[in-house]
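*Asks:* here is my input; please provide its structure:
(chains A and B)
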Amino acid sequence: AQSVAQPEDQVNVAEGNPLTVKCTYSVSGNPYLFWYVQYPNRGLQFLLKYITGDNLVKGSYGFEAEFNKSQTSFHLKKPSALVSDSALYFCAVRDSTGYSSASKIIFGSGTRLSIRP
Amino acid sequence: DSGVTQTPKHLITATGQRVTLRCSPRSGDLSVYWYQQSLDQGLQFLIQYYNGEERAKGNILERFSAQQFPDLHSELNLSSLELGDSALYFCASSERTGVTGELFFGEGSRLTVL
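*Replies:* Sure, this is the predicted structure:
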């Protein structure tokens, strides 16, 4: 069965500093990996995804993520944090095996990112 | 705006009651997913429909049921409600091919059971 883990409930970073939000996964086939952001009282918004190819994926709002197959990780990063980046971040994984229309996306427990001015 | 519409946005009801949550996916999306978000359990996958047929099932209680109609909108029915069912219920849709595409989420329906 597929699973995804976000080991940190909260990450605190000063504005202007680099940030990393960690994610590890487990799937039986090749992973399709996603990051989403949720602002208060809003739905989840897609940030970026890894399907295949370059291990460094660039996404919205200056975020990027690095896929590491040997460590089964997909950490979210940003070189310089903004106060407006404060939100709840979710990592998600989809297994490539099985019927294409029947593969579910499993979300991590979420990491609350707090950027202090 | 993701293009996914959920109604109602807020719902307050009593234990033992039944409610229906509605979702309209983005135009052209065939897959609809339902998720439950509660404070202590994160985002839990409930069920997925593809073009009217159930395709994947997660941690959905027997008191809950869902369906996707020919016009592709979906409904999540919650019955014999308990206090613990209070949560934010999200609907999401994805593109036709489904596998590599990201999900587009609605704003959610906040259910409060008193």
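
*Asks:* look up the closest residue to B:T7, ignoring the ones flanking it.
*Replies:* B:R22 (4.9 Å; C-beta to C-beta, 6 or more residues apart in numbering or on different chains). Using the backbone N, CA and C atoms, a C-beta is placed for each residue, glycine as well.

*Asks:* kindly report the same for B:Q37.
*Replies:* Closest to B:Q37 by C-beta to C-beta, 6+ apart is B:L88, at 4.4 Å.

*Asks:* so, low pLDDT: which residues of chain A?
*Replies:* A:96-103 (pLDDT under 70).

*Asks:* for it, which segments count as strands?
*Replies:* Applying DSSP state E to chain A gives strands spanning A:3-5, A:10-14, A:19-21, A:24-26, A:31-38, A:44-50, A:56-58, A:64-68, A:73-78, A:87-95, A:105-107, A:111-116.

*Asks:* and A:S28, how far from chain B?
*Replies:* 15 Å (C-beta to the nearest C-beta, to the nearest Å).

*Asks:* wait, what's in contact with A:G16?
*Replies:* Residues near A:G16 by C-beta atoms under 8 Å, 6 or more residues apart in numbering or on different chains: A:S80, A:A81.

*Asks:* distance check, it against B:L39.
*Replies:* Distance of A:G16 to B:L39, computed by C-beta to C-beta, to the nearest Å: 31 Å.

*Asks:* and for A:A87?
*Replies:* A:A87 is 16 Å from B:L39, by C-beta to C-beta.

*Asks:* repeat that for B:G106.
*Replies:* B:G106 is 20 Å from B:L39, by C-beta to C-beta.

*Asks:* what about these two, which has more around it?
*Replies:* B:G106 (25 against 8; other C-beta atoms under 10 Å in any protein chain shown).

*Asks:* okay, now B:L88: neighbour count?
*Replies:* Residues lying near B:L88 (other C-beta under 10 Å) number 18.

*Asks:* assumed it was part of a helix.
*Replies:* No. Assigned with DSSP: H, G, I helix; E, B strand; the rest coil, B:L88 falls outside any helix and is strand.

*Asks:* who in chain B is up against chain A?
*Replies:* B:2, B:4, B:30-31, B:33, B:35, B:42-43, B:45, B:48, B:50-51, B:55-56, B:58, B:90, B:92, B:97-100, B:102-108 (C-beta under 8 Å from any C-beta of the partner chain).

*Asks:* count of neighbours near the residue lying closest to A:N68 once chain neighbours are set aside?
*Replies:* Counting by C-beta to C-beta, 6+ apart, A:N55 is the residue found nearest to A:N68 once chain neighbours are left out, at 7.0 Å. Neighbour count for A:N55, taken as other C-beta under 10 Å: 11.
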